[in-house]
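Peer 1: Sequence and predicted structure, then a few things I'm wondering about:
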Amino acid sequence: MAEVQGIGVRVKRKEDPRLITGEGRYTEDIQLPGMLYAEVVRSPHAHARIKRIDTTAALSSPGVVAVFTGADIEGHVAPIPTAWLPPDSDIKTTAHPALAVDRVRYVGDGVAMVVADDRYRARDAAELVKVEYEPLPATADQELAMGEGAPLLHDDAPGNIAFHWRAGNATDEVFEQAEVVVRHRFRQQRLIPNPMEMRAAVAEYNRSTGDLTLYSTSQNPHIHRFLLSGVLGIPEHKLRVIATDVGGGFGAKIACYPDEALVCHAARVLNRPVKWSEDRSEHFLATTHGRDHIEDVEIAGKQDGTITAIRVRAIANMGAYLSTAAPGVPTILFGLIVPGPYRIPYAGADVYGVFTNTTPTDAYRGAGRPEATYLLERMVDLFAAEIGMDAVAVRQKNLIPSDQFPYETAMGLSYDSGNYQLALHNALETADYETLRATQAELRKEGKYLGVGVTTYVEICGLGPSQVAGAVGFQGGLWESSTVRVHPTGKVTVFTGASPHGQGEETTFAQIVADKLHIPVEDVEIVHGDTARISMGWGTYGSRTTPVGGSALAVATDRVVEKAKKIAAHMLEAAPEDVEFVDGSFQVKGIPTKSTSFHDVTLQAYLAWNLPAGVEPALEGQAFYDPTNFTYSFGTHICVVEVEAETGQIHLRRYIAVDDCGRVINPMIAEGQVHGGIVQGIGQALYEGAVYDDQAQLLTGSFMDYAMPRANFFPRFETSFTETPSPHNPLGVKGIGETGTIAATPTVVNAVMDALRPFGVKDIQMPLSPERVWSAIRNGGSAE
Amino acid sequence: MIPSAFAYSRATSLQDALIQLQSHEDAKLLAGGHSLLPLMKMRLATPSKLVDLGGLKEELRGVRREGDRLIVGALTTHSEVAHSKVVQESLPALSEAARQVGDLQVRNRGTVGGNIAHADPASDLPAIALAFDAEIVVATLDGTEVIPAHEYFLGPLLTALPEHGLVTHVSFVLPDPGTQTVYEKYPHPASGYAVVGVAAAGGVGTDGTVSHIRVAITGAGEVAYRASAVESALAGQTPTEETIRAAAAQAAADGDIAGDLFASEEYRRHLCQVYTARALRRVFASQLA
């Protein structure tokens, strides 16, 4: 037998040969006989009344089969739902029609869908749809939108306030009585998630059976089936959603979008397959954006470095409509984690979600937690500067000690396990912190500005459990399903409700099974992303796939072993409790010679010639696993930058990441997740940022203006792990998909501010563009 | 990213290309396509016909030295220019600029002629063309026209290229032997175009003072320009850190400097100075040492 590549082994990704040789099968690759192509006509105005839509010319354009407007689909396609309703927040779930009926509310709002026999003809005809608009005043800024006289987006949301959510125990009194209080306003700029693959959908309807199949770029096909069933009025057993290979999502493929629903509707009405796929320009407008907060933060503490309180009043820009998970992002996933990894007795969050004439925002890698970690870690540095203490020393003083777990925070979360000091210690040692400080002092004398930034963070991940989901208003469960089907030959097919789209679970999940069954990873196939093949699932987001989906898989596999053991015991003429499963064979305890192999047992399970009484044929384990709590990954990141004072350009010299995601299934894949996360986190710190003008037109609508981080911008990342198992799940794992994004942004900004200390610069608006840095140096203070 | 319909044909000869270009209203020439096709995909350009020059590589591709000139065929790709021994030896600044055009794919497809014909104001080559007194050689049905670079670049995407003309060659004047030629670029983090790109060359006479000096700047404004004020400030001076700084302070003087989302006009003026100083320090490195 080949060597077992179980948990902890750097197995090369099984999915990569297919993906990197162009053999992947993405939604765009799907070609069905008689397929039509859809093109969405989108509003060029940020806010306008629709006076008239004339589709005559488009309808008579060559190859056009149909044109749908908002009026045409009324009664057939219900408004797009919001599926996270934070309690006690007075949330206004204003209607989001799949196609605008009387009013458009952002540039990119869908107005009509043209369906033609060819993609080019569909695009040509889309230009012929004549929409008469009466432009209305618009605003892209959430603070302006809340203010007096601001254009109102939805009549049922006065003041454009979508919700107002509060949490925590920090009172005014706590801050009035504090020795030191530091206040600062941050702006988390808006980001535009850009997976390599953009959104696409293909719908196929079978009129005779009433079955509708949707191929879709989805992170959570079962949720999409669940929501689309309601939107389309197609019962769930007649609706199948398939996420084939999906080329990244970063949260932007969680939401239920109008376009996918429209494609389904068109296929149903026309009784022909219909494909729609957005191009990159369209993606910039029509797929959800992320972040975009204004945050007024106060941190209180003592001169000795003790932090006593932190609170934030945030205004979150929700865009024109509340996207599927959007309200949960700046509330539950943001506010509750504000005290971070520190023993801070008082914490508070007060969040307004505000409608503006912009693309709706929703989860973007980290979703709420990067925003919280950013303000906290920046405030810790500002607090340290205020009291004249080293920022690392302040962190050391306030980190929750490792013997305090489980630790109940001021926000009511219970952190499962951690050794925050060890991660910090390892990172400082890797960086050689003391030497760095000495080098920094030397270089300053030569007019060179080195900066060292540190972040210690904790992340809520492993989204579950369902009871909590209910309590925080998430309109779904957060458990996960897994079926482990062992075939007669001992090969295994796994059906998981998780829906990986680049994270590598076809490999790591196979490793979990290989580890437990002592079989080669090649013998394990992971099936995901198809509602017809997988009973139920809640998908991949919130760093939940391994902690929740992986745990479901572990439990299901254990059930296989349990049953196999009964069969083996019968074959060995021993009592089941006397049989153990060792290195791939069942043996009678203490008598290694009396054993039978896993393969013999699997075959007998299927032949069923001689099964023990009460044992059914076949060998399959199933689990619907609901975790008992979230898990909390943590770590320390350190960045070393050099700032060119002459131009404001920032050069990344070193980046050190020590992360703890509990037990590591595959170190190589975990490192890959950390690398990607860091890159995206630094993207926010230094390069990325959506800019709207005062008419709410997007100015950064392409890669010509919107700077994505590139490989050559970065030094080699120095990553390592500490392993503090989570007590909450059978694998002891936590999440690793978002840690880099959460930690990297404040780490880099802290490093740049550290470099600029001689100039008296305390803060610069992200992204830290060279000009902003240059201006700040010249002004000896904030650039804006 | 779906262009509108267009006709396509592959030119069989230079003459054929010119005839097709003239006989079709708003026909466009297709070389590497890396400027034209993105515009077409966004329907910002909607030519009725593309005349593919791919078949003319025999006559329009390649680099050769003729006396004191370096002649680059219009269909030579940026990669070929960057890797050309002749270019590296005779005009290193051109090689350096070509190496920094766009990204690998763009350099492998994009051509010198296409670049010069398109005339993006932030493109790298115009700075080289201006600094080295390039002549743009243009074929039309009436014959060949030669347009000096300083009369060729008129504005953003605007040139003196005659209607229905086809750039066949770009001919650079090679500097005196021993002249250092450099290209210093600040690439835009998103587009890769020059936020500021400075081409410079120069040398000193036997008395150690600057005997010849050329500086041209691209990316900073509406159109690439010769930084004459820098040149006259440094000419006849002994190159020192001080004289270089003083000359570089004039870097924005001759340009129509403009700001955008990434860099304001003020910041770009500053970058012109910084990058000009950097370029000049490299040009006169042996004198400064």
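Peer 2: Ah, there it is.

Peer 1: Give me every residue in chain A lying close to chain B.
Peer 2: By C-beta under 8 Å from any C-beta of the partner chain, the residues of chain A that approach chain B are A:119-120, A:123-124, A:127, A:279-281, A:646-647, A:687, A:691, A:699-700, A:703-708, A:713, A:769-771, A:774-775. (Glycine included, C-beta is placed from N, CA and C.)

Peer 1: let's see it at 7 Å
Peer 2: A:119-120, A:123-124, A:279-281, A:646-647, A:687, A:691, A:699-700, A:703-707, A:769, A:771, A:774 (C-beta under 7 Å from any C-beta of the partner chain).

Peer 1: what about the helices in the stretch 1-150 of chain B?
Peer 2: B:14-23, B:36-41, B:57-60, B:78-83, B:85-90, B:92-99, B:104-109, B:112-118, B:125-131, B:149-152 (DSSP state H, counting those that start in this stretch).

Peer 1: The stretch 151-289 of chain B too?
Peer 2: Counting by DSSP H, counting those that start in this stretch, the helices of the stretch 151-289 of chain B are B:228-234, B:241-248, B:265-283, B:285-288.

Peer 1: okay, the ones you listed in JSON lines with mean pLDDT and mean neighbour count next?
Peer 2: Output for the helices of the stretch 151-289 of chain B, formatted as JSON lines (pLDDT from 0 to 100; neighbours: other C-beta atoms under 10 Å in any protein chain shown):
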{"stretch": "helix B:228-234", "mean pLDDT": "98", "mean neighbour count": "21"}
{"stretch": "helix B:241-248", "mean pLDDT": "98", "mean neighbour count": "18"}
{"stretch": "helix B:265-283", "mean pLDDT": "98", "mean neighbour count": "23"}
{"stretch": "helix B:285-288", "mean pLDDT": "94", "mean neighbour count": "13"}
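
Peer 1: Go through the ones you listed and name the closest to chain A.
Peer 2: helix B:265-283 (4.4 Å; C-beta to the nearest C-beta).

Peer 1: quick one: is the closest one near chain A?
Peer 2: Yes: contact of helix B:265-283 with chain A (C-beta under 7 Å from any C-beta) involves B:267, B:271, B:274.

Peer 1: who's in contact with residue B:166?
Peer 2: Neighbour list for residue B:166: B:17, B:18, B:21, B:29, B:138, B:139 [criterion: C-beta atoms under 7 Å, 6 or more residues apart in numbering or on different chains].

Peer 1: Please parse chain A into its domains.
Peer 2: A:16-22+A:479-625, A:31-136+A:196-248+A:253-286, A:366-462+A:629-779 (automatic domain parsing).

Peer 1: what about the second one, start to end distance?
Peer 2: When the termini of domain A:31-136+A:196-248+A:253-286 are compared using C-alpha to C-alpha, to the nearest Å, they are 24 Å apart.

Peer 1: Switch the helices of the stretch 1-150 of chain B over to a markdown table; also include distance to chain A.
Peer 2: Shown next, in a markdown table, are those (distance: least, C-beta to the nearest C-beta, whole Å):
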| stretch | distance to chain A |
| --- | --- |
| helix B:14-23 | 23 |
| helix B:36-41 | 8 |
| helix B:57-60 | 28 |
| helix B:78-83 | 16 |
| helix B:85-90 | 22 |
| helix B:92-99 | 13 |
| helix B:104-109 | 11 |
| helix B:112-118 | 14 |
| helix B:125-131 | 18 |
| helix B:149-152 | 25 |
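
Peer 1: Reformat those helices as TSV; add distance to residue B:192, mean neighbour count and mean pLDDT.
Peer 2: Formatted as TSV, the helices of the stretch 1-150 of chain B follow (distance: least, C-beta to C-beta, whole Å; neighbours: other C-beta atoms under 10 Å in any protein chain shown; pLDDT from 0 to 100):
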stretch	distance to residue B:192	mean neighbour count	mean pLDDT
helix B:14-23	29	16	96
helix B:36-41	13	17	94
helix B:57-60	25	16	91
helix B:78-83	12	21	98
helix B:85-90	21	16	97
helix B:92-99	12	24	98
helix B:104-109	8	15	95
helix B:112-118	13	25	97
helix B:125-131	14	30	98
helix B:149-152	23	18	98
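
Peer 1: Residue A:259: which of those is closest?
Peer 2: helix B:36-41 (19.9 Å; C-beta to C-beta).

Peer 1: Could you measure from the residue of chain A most remote from its centre over to residue A:607?
Peer 2: Of all residues in chain A, residue A:573 has its C-alpha farthest from the mean position, at 51.0 Å, by C-alpha atoms, centre = their mean. Note on residue A:573: its distance to residue A:607, by C-beta to C-beta, to the nearest Å, is 18 Å.

Peer 1: How about residue A:694?
Peer 2: 75 Å.

Peer 1: can you list the domains in chain B?
Peer 2: B:7-53, B:60-173, B:180-288.
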